[in-house]
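Student: Could you work out the structure for the sequence below:
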Amino acid sequence: MLTIGLFLLALSLLIVIHELGHFLPAKLFGMRVEKFYLFFDWPTRLLRWRRGGTEYGIGVLPLGGYVKIAGMVDESQLGKRGGLPSVPAPDEFRAKPLHQRALVIAGGPLMNILFAVALLTALLYTNGTQRVPLHRWSMGMEALPLVGLQSGDRLLAVNDKAAYLDHISSPEWLLEEEPVLTVLRGQDTLRITLTAFMRDSLMSLYGQGKEVFVPRLPAQIEPVSGGPAARAGLQKGDLVVSIEGEPIQSFSEMRQVLQRLRRDTVRLEVRRGEKILSVAVQLDTAYRLQAYPAVELPREVTALSLSTAFTLAIFQSYHLTTTNLKALFHLITGRSRVSDSVSGPIGIAKIAGRTFETSGWVGFWAFTASLSLILAIMNLLPIPLLDGGHLVFLGLEAVFRREPSYRLREIAQYVGLAFILALMIFAFWNDLRRL
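Tutor: Numbering: from 1, shown residues only. Sure thing, here's the model as predicted:
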């Protein structure tokens, strides 16, 4: 339920922000706005009200939203193959100068970009930069056989840059020509160059919202109040050394052993100070201790001024945008598999939920800012029905000094609709396949 709620919160906010980008300039330029809806009001709506000549409401289909501006199309030409266009009313979209119409169309993506920058600025100013330097973490990483990473390997660098958790938590580093990991194994420094198969497999794991690279933490626990570990008398800082006589090396290994044994009650040996205690613990129905790691990873925290936070927010927005464009290029050229890279609402919701669980509200809002930039990029693609498609037709009008024929735009809209529906169906299928 939490995952669904977080996804709907982010989606609703971004839709409203996007549609405000169309609504506000339309009102500024004196266009008549007939509707402003969060979610689509088909087949019905949950809520509606009227104010200032505009109908506002919330629909039942949570696949987007829309602003209906009078005169976006010449309704006199609907169903016709020719004929002269009608004269638009002064408050209709078609009656306004080209630059005003372009600003109204571009306003949605532009608002998403501005919102992302503002949100990132607020996060950076209030929290500063907090990075987890994996290259300094002596316990290293959990095993990842897919790329040859062994348990305890210390991740020194990613693509020849010092390894930080935020860098390795998203798939953008995989977009390099030859992604490479530098690890310290014992006294030996190794370079692992990823093959195309490794890159595609990792991209698939990221797309499923899974935690791919996991720092190795000691099995030092902090019991949840009222949970199995707390009821058994375990205390914060107790170090689990064995389960049913099986040695335990890390917190992750402890969880894996509990899931493998699948027993209602297990016997643990824990170290408390200088003592070794044997404790019987009755697990919950999911075979968990209900405990957190009592050891935190090291953090590099830097406070930022407002101006520095704003500058860094612009840089991060630019970096996220270029990374997403590079990912889209890889998708189009076949360097990345579509099935590994395309996620629908279910996949996005899972990522939102996992981000909140691991990083709290700060991580969730950072994810929302990233999603806002993705929404801006997708809407600017030159596909009919999207804002980018409308801008293409306005560009043709600027070049040829007249509007493209309604018939041409009508056919293009049908093609765009078919493409978008096919993409949505594929994204849903991809999400269901990954469950």
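
Student: so residue 268 makes contact with residue 278?
Tutor: Yes. Using Cβ atoms under 8 Å, residue 268 is in contact with residue 278, at 7.4 Å. Where you see a C-beta, it was placed from the backbone N, CA and C, and this is true even at glycine.

Student: ok, these two, which is more surrounded?
Tutor: Between residue 268 and residue 278, residue 268 has the larger neighbour count (other Cβ atoms under 10 Å), namely 24 against 9.

Student: Quick check, pLDDT for the residue lying closest to the more buried one once chain neighbours are set aside.
Tutor: Leaving aside its chain neighbours, residue 268 sits nearest to residue 279 (5.1 Å; criterion: Cβ to Cβ, 6 or more residues apart in numbering). We have a pLDDT of 94 for residue 279.

Student: can I assume residue 279 is in contact with residue 231?
Tutor: No. Applying Cβ under 8 Å, one finds residue 279 not in contact with residue 231, separated by 10.6 Å.

Student: more neighbours, the two?
Tutor: Between residue 279 and residue 231, residue 279 has the larger neighbour count (other Cβ under 10 Å), namely 16 against 13.

Student: Any stretches of the stretch 251-400 of the chain with poor pLDDT?
Tutor: 336, 338-341, 358 (pLDDT under 70).

Student: measure stretch 277-295 end to end?
Tutor: 20 Å (Cα to Cα, to the nearest Å).

Student: which residues sit against it?
Tutor: 217-218, 220-224, 227-234, 236-238, 251, 254-255, 258-259, 261-271 (Cβ atoms under 8 Å, 6 or more residues apart in numbering).

Student: what helices or strands is the strand or helix carrying residue 34 leaning on?
Tutor: When elements are assigned from DSSP states H and E, residue 34 belongs to strand 33-51. Strand 33-51 sits against helix 2-28, strand 54-69, with contacts defined as 3 or more Cβ pairs under 8 Å, 6 or more residues apart in numbering; DSSP states H and E.

Student: Just checking the distance from it to the centre of its chain.
Tutor: Relative to its parent chain, strand 33-51 has a centroid offset of 27 Å by Cα atoms, centre = their mean, to the nearest Å.

Student: Could you give me the buried positions within it?
Tutor: Judged by neighbour count using 16 or more other Cβ atoms under 10 Å, the buried positions of strand 33-51 are 33, 35-39, 41, 45.

Student: now stretch 90-110
Tutor: 91-96, 100-110.

Student: before we move on, the earlier item: sitting in strands, which of the contacts of stretch 277-295 do you find?
Tutor: Secondary structure from DSSP state E places 221-223, 265-271 of the contacts of stretch 277-295 in strands.

Student: Please produce a PyMOL select command covering the buried subset of these.
Tutor: Buried members of those, defined by 16+ other Cβ under 10 Å, are picked up in PyMOL with:
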select buried, resi 221+222+223+266+268+269+270
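
Student: any idea how far the residue lying closest to residue 259 once chain neighbours are set aside lies from residue 228?
Tutor: Nearest residue to residue 259, sequence neighbours excluded (Cβ to Cβ, 6+ apart): residue 287, at 5.8 Å. When Cβ to Cβ, to the nearest Å is the yardstick, residue 287 and residue 228 sit 10 Å from each other.
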